[in-house]
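Student: Sequence and predicted structure are below.
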Amino acid sequence: MLLSLAMWAWFGCRWLTNDDQGFGRQGEDSHALVGLLALAVIPTIIAAATTMYAQVMFRLARQEESAVG
């Protein structure tokens, strides 16, 4: 989760400091931003899937415990 937040902060920092070269003109830095965005999405998806898996497992454990006891 922290890695995901760090990647998004890095992307945000790079995006805010990117020099705007006008509409339709792409600089070399815009390609780096797209790559950085792709790298930020991967740990975000992994963190979301892990969080959801943990919540489902916790609920299943509570249901199992209430059914037994």
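Tutor: Nice, I can see it.
Student: For whichever strand or helix holds Ala54, name the packing helices and strands.
Tutor: According to DSSP states H and E, Ala54 maps onto helix 28-68. Helix 28-68 sits against helix 2-16, with contacts defined as 3 or more Cβ pairs under 8 Å, 6 or more residues apart in numbering; DSSP states H and E. (C-beta placed from N, C-alpha, C; glycine too.)
Student: and the angle from the helix holding Ala54 to helix 2-16?
Tutor: 150 degrees (axes from the mean of the first three to the mean of the last three Cα atoms, to 10 degrees).
Student: for helix 28-68, what is the average pLDDT?
Tutor: Per-residue pLDDT values over helix 28-68 give a mean of 89.
Student: Numbering from 743 from now on, please.
Tutor: Will do, 743 is the new start, and the previous item becomes helix 770-810.
Student: From the chain's centroid, how far away is it?
Tutor: Centre-to-centre, helix 770-810 and its host chain are 8 Å apart (Cα atoms, centre = their mean, to the nearest Å).
Student: Could you find the closest non-adjacent residue to the most centrally placed residue in the chain?
Tutor: In the chain, the residue lying closest to the centroid (Cα atoms, centre = their mean) is Thr786, at 2.3 Å. Nearest in space to Thr786, with sequence neighbours left out and distances taken as Cβ to Cβ, 6 or more residues apart in numbering, is Ser746 at 4.6 Å.
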